[in-house]
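[1] Coordinates for the following, if possible.
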Amino acid sequence: MAKVRVGLVGCGFAAELHMQGYRRVFGIEAEVSAVAARGDHVGDFAARHRISRVYRDAAALFADPAIDVVDLCTPPATHGAMITAAVRAGKHVICEKPFCGYFGRSGDSAPIGTVAKSLMYERVLAEMDEIGAAIAASGKLFMYAEDWVYAPAVAKTAEILRATKDKILFMKGDESHSGSHAAHAAEWAMTGGGSLMRMGCHPLSTVLYLKAVEAEARGERIAVTTVSAETGNLGAALAAEEHAFIKSNPIDVEDWAMLTLTFSDGTKATVFAGDVILGGVRNTLETYSNGGVLIANITPNNHLMTYLTDEAKLAPVYITEKVDRKTGWQFVSIDEEWSRGYVQEIQDFMECVALGRAPRADLALAYKTMKVLYAGYRAAEEGRRISLI
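    As a prediction, this is how the structure comes out:
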């Protein structure tokens with residue numbers, strides 16, 4: 001049986017999700033043998049997941065000759081430099097979203113969100129070209145950890161589109177919830193954007209992926225031609241006491257965004273992302289074609305619906321993410337790592353490293369996603385459509 005040795009960088013929320021995937025890999029021996037993180041809890045993380053080697057900086061992990069692939073589960077501002085350093089050290093790379101971004105440079109006005117989005121757009125494109133060149137020169141795999149592409153509902157949508165060869169006329173994607181509890185989510189310098197960057201990247205990547213599936217099935221070439229967008233800070237309309245359930249408190253980012261894409265075949269897609277939506281996380285994608293309708297309810301879905309009355313008794317039970325209570329009607333998350341695609345993406349990546357094939361979510365998808373996202377920020381600021389041709 002082939003063996004793939006993984007070094008994990010980071011030990012937070014994303015790292016926990018990836019570990020759930022590594023535990024369920026089949027047909028390949030996937031061993032997470034090292035973890036690197038600056039936080040003091042990295043030792044506890046390693047002990048809990050039985051990881052033998054602990055590093056306090058990523059460079060030491062990159063230099064470890066007993067590592068085949070580096071899995072980056074670090075804050076977005078670190079991704080670009082770490083990807084480049086890892087491939088130059090001879091490692092394949094898995095990288096959580098976003099691929100990179102604009103986080104500020106010397107001489108920028110403060111806060112970073114006030115920098116002209118046209119400048120951000122140009123600098124992000126230049127950085128992606130540099131990272132892409134480093135990956136190409138290394139001959140190593142880059143695997144983009146976009147879980148939506150691997151979610152079973154999306155995978156089945158792709159299968160149907162390949163079989164029918166239908167023309168996708170319109171897609172509508174949505175990721176939204178009641179706001180991040182992480183303080184850094186309020187600042188452009190930490191996240192590279194607001195709700196559109198943090199959440200909208202998921203439905204956007206999936207829209208781009210499915211249009212690529214359609215193009216291949218039909219023998220066509222389809223690209224994004226124009227992008228338009230609106231962004232806003234809706235939480236600012238609330239008084240302090242009205243933030244009990246809405247956690248949005250942006251400093252220089254948006255908490256509401258709507259992106260519209262026009263493709264070269266004349267078709268359309270919209271992507272919504274908001275930090276002001278109660279009722280739990282929404283991860284949905286609707287696809288309308290000349291031959292049918294496909295609605296992917298990643299979350300919420302109705303695998304298990306409950307009506308419960310005693311909040312205290314439910315204290316140890318996980319119901320779903322971002323709900324403010326567990327009683328009343330609930331859509332309970334069943335095997336969340338599977339339904340959101342984390343298990344399948346890690347399986348794909350381990351097979352790619354072991355067999356030398358390309359991943360479903362690759363560098364091209366990461367690049368296109370970032371290009372469209374920052375074109376969207378530019379479109380919203382300038383009040384016009386941005387051409388990508």
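[2] could you list every residue that touches the nearest residue to residue 12 once chain neighbours are set aside?
    Using CB to CB, 6 or more residues apart in numbering and skipping the chain neighbours, the partner closest in space to residue 12 is residue 73 (6.6 Å). For every residue, glycine as well, the C-beta is placed using N, CA and C. Going by CB atoms under 8 Å, 6 or more residues apart in numbering, residue 73 touches 8-12, 14-15, 18, 96.
[3] Tell me which two of those residues sit farthest apart.
    Of all pairs drawn from those, the greatest distance, 12.8 Å, lies between 11 and 96 (CB to CB).
[4] If you count surrounding residues, which of the two has more?
    Under the criterion of other CB atoms under 10 Å, the comparison of residue 11 against residue 96 puts residue 11 first, with 26 against 23.
[5] which phi and psi does the closest residue to the more buried one other than its chain neighbours have?
    Among residues not flanking residue 11 along the chain, residue 45 sits closest, at 3.9 Å (CB to CB, 6+ apart). When read as degrees, to the nearest 10, the backbone of residue 45 gives phi -60, psi -50.
[6] With the one 4 residues further on instead?
    Comment: the main-chain dihedrals of residue 49 come out as phi -100, psi 10, following degrees, to the nearest 10.
[7] Please apply the same query to residue 273.
    phi -140, psi 130.
[8] Next, the contact list for it, please.
    By CB under 8 Å, 6+ apart, the neighbours of residue 273 are 174-176, 195-196, 198-200, 203, 256-257.
[9] can we see that at 7 Å?
    When contacts are counted by CB atoms under 7 Å, 6 or more residues apart in numbering, residue 273 touches 175-176, 195-196, 199-200, 257.
[10] What subset of those residues is buried?
    Neighbour counting with 16 or more other CB atoms under 10 Å marks 175-176, 195-196, 199-200, 257 as buried within the contacts of residue 273.
[11] just for the protein, where's the confidence low?
    Counting by pLDDT under 70, the chain contains no low-confidence segment.
[12] in it, which helix has the most residues?
    Across the chain, the helix with the greatest residue count (assigned by DSSP state H) is helix 117-138.
[13] For that one, buried residues please.
    Buried-residue list, helix 117-138, by 16+ other CB under 10 Å: 117, 120-121, 124, 127-128, 131-132, 134-135, 138.
[14] same question, stretch 85-100
    By neighbour count on 16+ other CB under 10 Å, the buried set for stretch 85-100 is 85-87, 89, 91-100.
[15] among those residues, which are in strands?
    Counted as lying in strands by DSSP state E, out of the buried residues of stretch 85-100, are 92-96.
[16] Make CSV from the residues you listed and add distance to residue 287 to it.
    CSV is the format used below for those (distance: CB to CB, whole Å):
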residue, distance to residue 287
92, 32
93, 30
94, 27
95, 27
96, 25
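[17] that older thread, tell me which strands and helices the longest helix of the chain is in contact with?
    helix 79-88, helix 363-382 (3 or more CB pairs under 7 Å, 6 or more residues apart in numbering; DSSP states H and E).
[18] what's the burial count for the residue nearest to residue 11?
    Residue 45 has 20 neighbours, counted by other CB under 10 Å.
[19] Is it correct that it is in contact with residue 10?
    No. Taking contacts as CB atoms under 7 Å, residue 45 lies outside contact range of residue 10: 9.3 Å.
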